[in-house]
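> using only what follows, build the 3D model:
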Amino acid sequence: MSDNNQQDDIASSTFKILVATDNHLGYLEKDPVRGNDSFITFEEILQHAKRLEVDFVLLGGDLFHDNKPSRSTLYRTMELLRTYCFGDKPVNIEILSDQAINFATKFGTVNYEDPNFNIEIPIFSIHGNHDDPAGDGGLASLDLLAVTNLVNYFGKNDNIDDVTVYPILMRKGETKVAIYGMGNIRDERLYRTFQQKKVKLMRPIEAREEWFNIFVIHQNRYAHSPKNYVHEVMLDNFLDFVVWGHEHECLVTPQPSSVGKYYISQPGSSVATALSDGESKKKHIGVLEIYGDKFRMKPIALETVRPFYLEEIVLSAEEGLSPNDLDAVTELLASKVEEIIVKSDTETTNKLDMKPLIRLKVEYTGFSTINPQRFGQRFVGRVANPNELLLFHKRKVSAPQKPKDAKDKENVMKNLRPDPLDVVRVEDLIENFLGRDSDLKILLESDLHLALNKFVEKSEADAISKSVASILRATQDELKLNEDLTYSNDANELDPKKIEEIVMTKTAAKRAEEYKDKPKMDSMDVDMDNNDEGNMNPPKAAPKKSSKQHLSDDDEDARPSFAEEDEDEKPKAKGRPKKSAAAPKKSSKAAPKKSASTVKTPTRKNSKSSKYGELELTSDSNDYSARNDEDNDEVDEKPPKKLNASIKNEFDSDEESSSKAAPKRKINSVSDLLAAPTSFKKNKLSQLDEDDSESQSLNVSKSNWGTRKK
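So this is what the prediction gives:
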């Protein structure tokens, strides 16, 4: 009987979250064959959520494929959400944070606490790069779903140059979860914001170690260029789990970060939007279960995804094939496609008997190409993409040898044929046209780039005029607060020459900052010199020794206790040793204490009221403290928990190293953070010890529990 009670206690304190990303609803909606693919699979996801009785659904961005989805797409989406998310079953999750901050709507409350709605499966979602806020009022398509109480939209930042992320604090029984969300921001701009140390994740002041911290992000994970992605080293080290959207390859099984203490899950897309290798992998979603400081992810294969086969053939490797015999080449390729179709009919588990997507990559060095559209006509009605069956490419030529002298270099350069169309962008043309010594006095080239991108990519006809108006308003507001302005006559008229001088000086300073050399990763103490720019995989480092304890399904009830840790606020990056700069001296003047009145979180007024007690929170900005880089000077009077004998030996070395950490300064509010020296806001990242390369990696399986790393 006691075992049953224990099982009930665990179940009542276990979060069950369905995780999915990149649904791209409305993709190819006018295609007669593939137009319903995104909706069919999204409906299957909602069916899984209802069947498994999850607490809520967590989406990682790009719910819609278009920034302005059509009426048909919006209608079908709302229809699905109302069908599967509404119901009388109570939601046993209590929101402890300020909902007016978490959800940017007029109503400022989570949808299932609204007494006018019966929500059975809440959905929490950030926006991606396809459905980001744009147009009048900076509204996203998710804002429409949020105002109709169908989706809880979070992670929206009004100031993308100074990002502050407040978590959604949840409690279920004894388990507390903090969900941080950051909607998509243009990668180059977010990279600069990270480099300027203006991305702040706010944490509760009290009992911060009791929270399981989840970060939902929708950005480039791999380096397509030196500064248009988010490196793992940029993320905070107090995080426990990262849900990474935007990348479509399915890597849903959590993997330990190569530089941090957290785990990363990349669910991938639920519909193929490109005929690439990453999209050809089996599609999955995941059910994340969290109990205390332990978690596990159970992948669930999606059965309604259209089958996709990607294969490659080298024409020069085929025996007896003549380069001049195009008919033989055509028949060879047709026979290969026929084999794939037969393979699809025998292997596919698709419940809807969908026609497959097929992409045949043809390496045709020494041969001539054939017309792909004409070739695909013979497979109309048998495959889903007859016009895109073939992709011709030539063998990659190895890099030329380094020239021996100036004459040799000149000869090599004569033989090179530049292909500017592959690298030149419209933004580059604007920048080259205006040049560094631009005559623009108020506008910046980067602002014009962004406005042009919205004009072209988002079809915003007034994007440029709005950008100009916004910059003018910001400049006028700065001038109103400027004390250096003087009057030119007795009529109290401002001196126009002085105004022009001030504006041009500030614009020139901003332009000079943007025209600096390309940012080096050394500024963040991560060595990327050994990685090729074209490498699509993140730099691999030996995983650090971790306290993530993985238990088999038979040992799920066991809950090991762990000693408190000295928290490092940033993961360490492996690379060349660097000399650390001396930290600035602390100010001896203590910051004045601010009093804060305490208020209680109101309980729900409908039938779905929570059975858990209320949590007292302060009512002002001191509810949260910014992520600090130093340990608290205060000593926790609470005695540390004892380690299990089987775990203690594994982490003795970690505890010894953490006990030698320098004391850290406590920051209790945003104002304290802004008043602190820069070195207190972000620690300079240190190097990984060479001994870490010998640490063993952890095997994460879908049936294992894991606890927070130490």
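> switch to C-alpha atoms for all contacts and neighbour counts from now on
Noted.
> which strand or helix spans residue 392?
Element membership of residue 392, judged by DSSP states H and E, is strand 390-393.
> list the neighbouring strands of that strand plus their orientation.
The strands that strand 390-393 pairs with in its sheet are strand 357-363 (parallel) (by DSSP bridges).
> so residue 477: helix, strand or coil?
Under DSSP: H, G, I helix; E, B strand; the rest coil, the three-state class of residue 477 is helix.
> ranges for the helices of the stretch 151-300 of the chain?
Assigned by DSSP state H, counting those that start in this stretch, the stretch 151-300 of the chain shows helices spanning 187-195.
> going along the chain, name the strands of it.
Secondary structure of the stretch 151-300 of the chain (DSSP state E, counting those that start in this stretch): strands at 152-153, 163-165, 168-172, 175-182, 199-204, 211-218, 241-245, 251-256, 263-266, 284-291, 294-301.
> note down every partner strand of the third one and its orientation.
Taking DSSP bridges as the criterion, strand 168-172 sits next to strand 94-95 (antiparallel), strand 175-182 (antiparallel) in its sheet.
> swap in the shortest one?
In the sheet containing strand 152-153, the strands it pairs with under DSSP bridges are strand 123-125 (parallel).
> just the residues contacting the strand it pairs with, thanks.
Here strand 123-125 makes contact (C-alpha atoms under 8 Å, 6 or more residues apart in numbering) with 56-61, 150-154.
> tell me which helix or strand comes right after that strand.
Sequence-wise, the next helix or strand downstream of strand 123-125 (DSSP H and E) is helix 141-147.
> tell me which residues touch residue 37, please.
27, 271, 305-306.
> pick the one among those closest to residue 108.
Closest approach to residue 108 among the contacts of residue 37 (C-alpha to C-alpha): residue 27, at 31.1 Å.
> relative to residue 64, how far out is that closest one?
Using C-alpha to C-alpha, to the nearest Å, residue 27 is found at 8 Å from residue 64.
> and what of residue 142?
Residue 142 is 9 Å from residue 64, by C-alpha to C-alpha.
> cool, and residue 368?
Separation of residue 368 from residue 64 (C-alpha to C-alpha): 40 Å.
> these two: who's more crowded?
The neighbour comparison of residue 368 against residue 64 (other C-alpha atoms under 10 Å) goes to residue 64, with 26 against 12.
> ok so, going back, now list the buried members of the contacts of strand 123-125.
Taking 16 or more other C-alpha atoms under 10 Å as the criterion, what is buried in those is 56-61, 150-154.
> okay if I get those as a markdown table plus distance to residue 242 and pLDDT?
Below are the buried ones among the contacts of strand 123-125 laid out as a markdown table (distance: C-alpha to C-alpha, whole Å; pLDDT from 0 to 100):
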| residue | distance to residue 242 | pLDDT |
| --- | --- | --- |
| 56 | 17 | 98 |
| 57 | 15 | 98 |
| 58 | 12 | 98 |
| 59 | 12 | 98 |
| 60 | 10 | 97 |
| 61 | 13 | 96 |
| 150 | 25 | 97 |
| 151 | 21 | 97 |
| 152 | 19 | 97 |
| 153 | 18 | 97 |
| 154 | 16 | 97 |
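> quick one on the thing from earlier: how about the contacts of strand 123-125 in CSV, adding distance to residue 327?
Output for those, formatted as CSV (distance: C-alpha to C-alpha, whole Å):
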residue, distance to residue 327
56, 56
57, 53
58, 52
59, 49
60, 48
61, 47
150, 56
151, 55
152, 57
153, 56
154, 57
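> show me which of these is closest to residue 19.
The closest of those, once distances to residue 19 are taken by C-alpha to C-alpha, is residue 58, at 4.9 Å.
> so which strand or helix has that closest one?
Taking DSSP H and E as the definition, residue 58 sits inside strand 56-59.
> what lines up beside that strand in the sheet?
strand 14-20 (parallel), strand 123-125 (parallel).
> about what we covered before: winner for burial among the strands of the stretch 151-300 of the chain?
Greatest average neighbour count among the strands of the stretch 151-300 of the chain goes to strand 152-153 (a mean of 26), per mean count of other C-alpha atoms under 10 Å.
> hmm, who's touching it?
Under C-alpha under 8 Å, 6+ apart, the answer for strand 152-153 is 103-104, 110-111, 122-127, 142-143, 146.
> swap in 10 Å and give it another go.
58-59, 102-105, 108-112, 122-127, 140, 142-147, 181, 183 (C-alpha atoms under 10 Å, 6 or more residues apart in numbering).
> in the protein, what helix or strand scores lowest on average pLDDT?
The weakest-scoring helix or strand in the chain, judged by mean pLDDT, DSSP states H and E, is helix 678-681 (a mean of 34).
> quick one on the thing from earlier: need the overlap of contacts for residue 142 and residue 64.
127, 131-132.
> can you add distance to residue 160 and pLDDT and give the residues you listed back as TSV?
Formatted as TSV, the shared contacts of residue 142 and residue 64 follow (distance: C-alpha to C-alpha, whole Å; pLDDT from 0 to 100):
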residue	distance to residue 160	pLDDT
127	14	97
131	16	93
132	13	92
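> need these in TSV with distance to residue 324 and neighbour count, can you?
TSV is the format used below for these (distance: C-alpha to C-alpha, whole Å; neighbours: other C-alpha atoms under 10 Å):
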residue	distance to residue 324	neighbour count
127	52	31
131	49	25
132	51	24
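> save those residues as JSON lines, and put in distance to residue 337 too.
What follows is those, written out as JSON lines (distance: C-alpha to C-alpha, whole Å):
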{"residue": "127", "distance to residue 337": "38"}
{"residue": "131", "distance to residue 337": "36"}
{"residue": "132", "distance to residue 337": "39"}
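> nearest to residue 172, of those residues?
Closest to residue 172, out of all of the shared contacts of residue 142 and residue 64 and judged by C-alpha to C-alpha, is residue 127, at 25.9 Å.
> and the gap between the closest one and residue 300?
Distance from residue 127 to residue 300, by C-alpha to C-alpha: 23 Å.
> avg pLDDT for stretch 272-289?
For stretch 272-289, the mean per-residue pLDDT is 96.
> pull it out as CSV, backbone CA atoms only.
This file holds the C-alpha atoms of stretch 272-289, laid out as CSV (Å, rounded to 0.1, in the frame of the first residue of the first chain):
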residue,chain,number,x,y,z
ALA,A,272,9.9,18.6,-44.6
THR,A,273,10.3,22.1,-46.1
ALA,A,274,13.5,21.3,-48.0
LEU,A,275,14.8,18.3,-49.9
SER,A,276,18.0,18.0,-47.8
ASP,A,277,19.7,15.3,-45.8
GLY,A,278,18.6,16.6,-42.4
GLU,A,279,14.9,16.6,-43.5
SER,A,280,15.2,12.9,-44.7
LYS,A,281,15.7,11.7,-41.1
LYS,A,282,12.7,10.1,-39.2
LYS,A,283,10.6,12.8,-37.6
HIS,A,284,9.9,12.7,-33.9
ILE,A,285,8.4,14.7,-31.0
GLY,A,286,9.3,14.2,-27.4
VAL,A,287,7.5,13.8,-24.0
LEU,A,288,9.7,15.5,-21.3
GLU,A,289,9.0,14.2,-17.8
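> quick one on the thing from earlier: which of the shared contacts of residue 142 and residue 64 lies closest to residue 317?
Nearest to residue 317 among these is residue 131, at 44.8 Å by C-alpha to C-alpha.
> ok, the closest one touching residue 69?
Yes: counting by C-alpha atoms under 10 Å, residue 69 is a contact partner of residue 131 at 8.4 Å.
> overlap in contacts of these two?
Common neighbours of residue 131 and residue 69 are listed as residue 141 (criterion: C-alpha under 10 Å, 6+ apart).
> after the strand holding residue 58, which helix or strand is next? Please name it.
Immediately after strand 56-59, counting by DSSP H and E, sits helix 71-85.
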